[in-house]
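Trainee: sequence and predicted structure, then a few things I'm wondering about:
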Amino acid sequence: MDHTEKINLHKGGRPLKNDPAVHRYSISLTAEENARFLTLFETSGMHVMAHFITACVFQKTIKTVKIDKATMDYYMRLTSFYSQFRSIGVNYNQVVKLLYSRFSDKKASAFLYKLEKQTTDMAVLCQRIITLTEEFEKKIS
């Protein structure tokens with residue numbers, strides 16, 4: 001039984017490649033060169049270092065992705081705030097319904113006045129957040 005017959009009998013595993021990469025090369029980098037190389041690799045967005053090196057050697061286009069930590073942090077906090085704000089809206093509706101169903105109109109109105117004051121403060125805060133977000137968008141654009 002020769003090699004080709006063995007291949008045909010083999011049913012498991014990955015399919016064999018038509019042109020497998022079998023040639024290997026080794027390079028040595030200084031600490032500074034290595035730091036530069038790793039920075040380039042990280043900004044490329046590629047996950048396999050060998051593919052990155054091959055793309056560099058054969059001058060293929062390399063996509064670079066720059067992640068701004070401050071922008072990500074701001075976005076995450078804004079998303080968290082938005083979900084909290086939505087929860088407050090749901091709770092607000094429930095409180096108003098409970099006030100009118102459990103208390104007299106006079107007492108419910110007194111509580112609603114306090115709630116309205118807090119709502120006004122929150123509206124001012126939301127306007128400030130919108131202004132800050134617009135300033136942030138202008139800064140990163």
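Mentor: That came in fine, so what should we check first?
Trainee: mind checking how far Val22 is from Ala55?
Mentor: 19 Å (CB to CB, to the nearest Å). In this view, the C-beta of every residue, glycine as well, is placed from N, C-alpha and C.
Trainee: which one's more surrounded, the two?
Mentor: The residue with more neighbours, out of Val22 and Ala55, is Ala55; 15 against 6, by other CB atoms under 10 Å.
Trainee: now Glu137: which helix or strand?
Mentor: Assigned by DSSP states H and E, Glu137 belongs to helix 105-140.
Trainee: in that helix, what counts as buried?
Mentor: Of the residues in helix 105-140, 108, 112 count as buried by neighbour count, 16 or more other CB atoms under 10 Å.
Trainee: and that helix, what does it pack onto?
Mentor: Other helices and strands packing on helix 105-140, by 3 or more CB pairs under 8 Å, 6 or more residues apart in numbering; DSSP states H and E, are helix 69-102.
Trainee: what's the helix it packs on packed up against?
Mentor: Looks like helix 69-102 contacts helix 105-140 (3+ CB pairs under 8 Å, 6+ apart).
Trainee: relative to helix 69-102, how tilted is the helix it packs on?
Mentor: Using axes from the mean of the first three to the mean of the last three CA atoms, to 10 degrees, one finds that helix 105-140 and helix 69-102 are set 170 degrees apart in direction.
Trainee: which SSE is immediately downstream of the lowest-mean-pLDDT helix or strand in the chain?
Mentor: The weakest-scoring helix or strand in the chain, judged by mean pLDDT, DSSP states H and E, is helix 3-9 (a mean of 57). As assigned by DSSP H and E, the chain's next helix or strand after helix 3-9 is helix 31-44.
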